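Novice: Below: sequence and its predicted model.
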Amino acid sequence: MNDLESALLSLSAESGREIVQSYVDLPLVPHYAQLGAPYHVPVDPTPLPEPQFVHFNAGLAAELGLDASATAELTDILAGNEPWPNYAPLASVYAGHQFGRWNPQLGDGRALMIAEIQRPDGERAELQLKGAGPTPFSRGADGRAVLRSSIREYLCSEAMHALGVPTTRCLSLVTSAQPVFRETVEPAAVVCRVAPSFVRFGHFEWFYSRGLYAQLAPLADHVIDAHFPHLSGQPDRYAAWLGEVIERTARLIAQWQTLGFCHGVMNTDNFSALGLTLDYGPFGFMDAFRQHHVCNQSDSAGRYAYGAQPEVGQWNCSRLLLATRPLLSEDQEEAGVLATELYGRYSDAYSVAVMQRWADKFGLREVLPGDADLVIRFLTLLQSGKSDFTRSFRHLARIRTDNDGPATGVREEMADLEAFDAWVVDYRARLRIEQNTDDAERAERMNRVNPKYILRNHLAQIAITQAEEGDYSEVARLMTVLARPYDEQPEFEAYANEPPPDLRRIEVSCSS
Ligand code: AMP
Ligand code: MG
């Protein structure tokens, strides 16, 4: 046992810290804090000199019941310069499988939980500062985040939320002239992330891998009591909760696949116990469709390629099941049978969800035999034509069922026109089987699932370059555009375009 582990475990005899619920405006609900050691340690943020707002998410602030104008007091809190009243900030411990390799010791190396609150709608929200300085889990790194990657996380998590994808969110982004050393010197930034919970698969792996089985139940019960209250106290709650997490994860990845979203670092420490998209690093929405697209330059083996994501999601669930096996039954054999059954739920949930989502994208109300073939043929056309994924799907809604003319819009995205025209004949035949629908109604439905605006890498890059020069207006503009991804926004038409040639190969890597 190393020093860090023994320090954590020696604290575990103490109960969770006493926290007074007395913040004037927001009721604190310190559920996670009350778990106490060894689940987390108290750590104060490192102050950030002369913080400046790059963006404040007034919409989310209002949802949280905060003053939407970002008062001076809140600014200091969100930069890590002042504590949230009556809450002692904490860093949690976890482990994880990174690119398939076991890493026994991770944890919040640069993230600190600064509050747990109850929103006016009754939901719980945890607030974390990312980039607020080192913690006992920093493993020699600086605990900081750079402006570049913070802008990407900020924009993408809010874009995903607007797209309807379960995700952590971002409340604020502050920067400072303080230098951070990566490949070059970059400005520091602190993002305030918000989620109902930041518990990851890797939290369970930390305890399981050390044989600390008695610590698994309090953690699982915390997640269940706070976030799956319908399962609270039930004798079979662990299996029921795992079933839900596995199915939510499968459905989440079905959403990623049908939006052309690549996560980039699908390590088990980046997988949420609530099935949220978590940890935005070298992610990317595909421009041209490619089944083997790898968005992360650091992923040389292509482990997390677009086409591999569904399988990796299931593998990650297998790691969660292994780590929680002691919760399933005291009888090893029975636990094994249950775990196998739960593992199988992933494939079932994924196949149903992904096929329904593809059907929605093609304007089909239900999935019929043969539809999968229609989808695969279309994706093959996109791949051979290096066609833009998002635009091609958006244009599909313009195809008329009873018109034998050329399918304008989407046809211009294609290279193999003969194969495409043959596909359109079959697509129109399939559309004619749909009952009670006309082209206008179908187009409207399709435009609610095929976004026009996504966070393309080049759009983020333009905003980053300007922000690094002190102009944050493009970040704000993108926040406006991406908040309504499914609406036509004629004034922002150019934001739907694929990247210009000089911005086609933006490299994103694990460096952040
Ligand atoms: P990530 O690749 O961002 O998911 O991070 C993997 C692990 O490394 C997590 O435990 C992070 O907290 C930690 N980490 C990443 N960057 C830093 C940093 N600059 N300082 C301290 N810890 C870090
Ligand atoms: Mg991470």
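Specialist: Thanks, I have the structure now. Ligands and ions are numbered 1, 2, ... in the order given.
Novice: helices or strands up against the longest helix anywhere in the chain?
Specialist: If you go by DSSP state H, the chain has its longest helix at helix 332-361. For helix 332-361, the packing partners by 3 or more CB pairs under 8 Å, 6 or more residues apart in numbering; DSSP states H and E come out as helix 237-259, helix 309-328, helix 371-385, helix 439-447. For every residue, glycine as well, the C-beta is placed using N, CA and C.
Novice: Dump those helices into CSV; add mean neighbour count, distance to residue 402 and mean pLDDT as well.
Specialist: CSV is the format used below for the helices and strands packed on helix 332-361 (neighbours: other CB atoms under 10 Å; distance: least, CB to CB, whole Å; pLDDT from 0 to 100):
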stretch, mean neighbour count, distance to residue 402, mean pLDDT
helix 237-259, 22, 27, 98
helix 309-328, 20, 36, 98
helix 371-385, 17, 18, 97
helix 439-447, 16, 8, 96
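Novice: For those helices, could you give me a markdown table that also reports distance to ligand 1?
Specialist: Listed next are those as a markdown table, based on distance: least, CB to the nearest ligand atom, whole Å:
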| stretch | distance to ligand 1 |
| --- | --- |
| helix 237-259 | 17 |
| helix 309-328 | 14 |
| helix 371-385 | 29 |
| helix 439-447 | 35 |
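Novice: To residue 168, which of those helices lies closest?
Specialist: Among the helices and strands packed on helix 332-361, the nearest to residue 168 by CB to CB is helix 237-259 (12.2 Å).
Novice: so that closest one versus helix 332-361, what angle?
Specialist: 30 degrees (axes from the mean of the first three to the mean of the last three CA atoms, to 10 degrees).
Novice: Name the SS class of residue 129, please.
Specialist: Using DSSP: H, G, I helix; E, B strand; the rest coil, the structure places residue 129 in strand.
Novice: ok, back up a step: Serialize the helices and strands packed on helix 332-361 to TSV and add fields for distance to ligand 2.
Specialist: Formatted as TSV, the helices and strands packed on helix 332-361 follow (distance: least, CB to the ion, whole Å):
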stretch	distance to ligand 2
helix 237-259	16
helix 309-328	13
helix 371-385	30
helix 439-447	34
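Novice: how about the ones you listed in JSON lines, adding distance to residue 119?
Specialist: Below are these laid out as JSON lines (distance: least, CB to CB, whole Å):
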{"stretch": "helix 237-259", "distance to residue 119": "21"}
{"stretch": "helix 309-328", "distance to residue 119": "27"}
{"stretch": "helix 371-385", "distance to residue 119": "39"}
{"stretch": "helix 439-447", "distance to residue 119": "31"}
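Novice: So which of the ones you listed is nearest residue 270?
Specialist: Among the helices and strands packed on helix 332-361, helix 309-328 sits nearest to residue 270 (CB to CB), with 9.0 Å.
Novice: And the closest one, how far out from the chain middle?
Specialist: On the basis of CA atoms, centre = their mean, to the nearest Å, helix 309-328 sits 18 Å off its chain's mean C-alpha point.
Novice: With stretch 454-474 instead?
Specialist: The chain centroid and the centroid of stretch 454-474 are separated by 20 Å under CA atoms, centre = their mean.
Novice: what residues does that stretch touch?
Specialist: Here stretch 454-474 makes contact (CB atoms under 8 Å, 6 or more residues apart in numbering) with 53-55, 147-148, 151-152, 155-156, 159, 163, 175, 186-187, 259-260, 284-285, 287, 390, 475, 477-478, 482, 485, 495, 498-500, 503-504, 506, 508.
Novice: Is the residue of the stretch 151-300 of the chain found nearest ligand 1 part of a helix or strand, or is it coil?
Specialist: Relative to ligand 1, the nearest point of the stretch 151-300 of the chain is residue 279 (4.8 Å; CB to the nearest ligand atom). Three-state call for residue 279 (three-state DSSP): coil.
Novice: you'd agree it is up against residue 265?
Specialist: Yes - counting by CB atoms under 8 Å, residue 279 touches residue 265, with 6.6 Å between them.
Novice: Who has more neighbours out of these two?
Specialist: Neighbours were tallied for residue 279 and for residue 265 using other CB atoms under 10 Å; the higher tally belongs to residue 279 (24 against 21).
Novice: mind listing what the more buried one touches?
Specialist: For residue 279, the contacting residues are 265, 270, by CB under 8 Å, 6+ apart.
Novice: Might you specify the subset of the contacts of stretch 454-474 located within helices?
Specialist: Residues of those located in helices (DSSP H): 147-148, 151-152, 155-156, 159, 163, 259, 390, 475, 477-478, 482.
Novice: burial count for residue 349?
Specialist: As a burial measure, residue 349 scores 19 neighbours (other CB under 10 Å).
Novice: wait, isn't it in contact with residue 246?
Specialist: Yes - at 7.2 Å, residue 349 counts as touching residue 246 under the criterion of CB under 8 Å.
Novice: how near is residue 374 to residue 241?
Specialist: Separation of residue 374 from residue 241 (CB to CB, to the nearest Å): 37 Å.
Novice: my bad, should have said residue 114
Specialist: Relative to residue 241, residue 114 is positioned 27 Å away (CB to CB).
Novice: next one: residue 345
Specialist: Residue 345 sits 12 Å away from residue 241, going by CB to CB.
Novice: where does the residue of the stretch 251-400 of the chain found nearest ligand 2 fall, phi/psi-wise?
Specialist: Residue nearest to ligand 2 within the stretch 251-400 of the chain: residue 279 (4.0 Å; CB to the ion). Backbone geometry at residue 279, expressed as degrees, to the nearest 10, gives phi 70, psi 90.
Novice: Model confidence score at it, please.
Specialist: We have a pLDDT of 97 for residue 279.
Novice: try residue 73
Specialist: 80.
Novice: what about it, helix or strand, and which?
Specialist: Residue 73 is part of helix 72-79, with elements assigned from DSSP states H and E.
Novice: That helix packs against which elements?
Specialist: If contacts are counted by 3+ CB pairs under 8 Å, 6+ apart, helix 72-79 sits against strand 169-181, strand 185-195.
Novice: Next SSE downstream of that helix?
Specialist: Counting by DSSP H and E, what follows helix 72-79 is strand 90-92.
Novice: wait, does that next one make contact with ligand 1?
Specialist: No - Strand 90-92 is not in contact with ligand 1 by CB under 6 Å from any ligand atom; minimum separation 8.6 Å.
Novice: And the contacts of that strand?
Specialist: 32-33, 39-43, 107-109, 111-113, 135-137, 198-199, 203.
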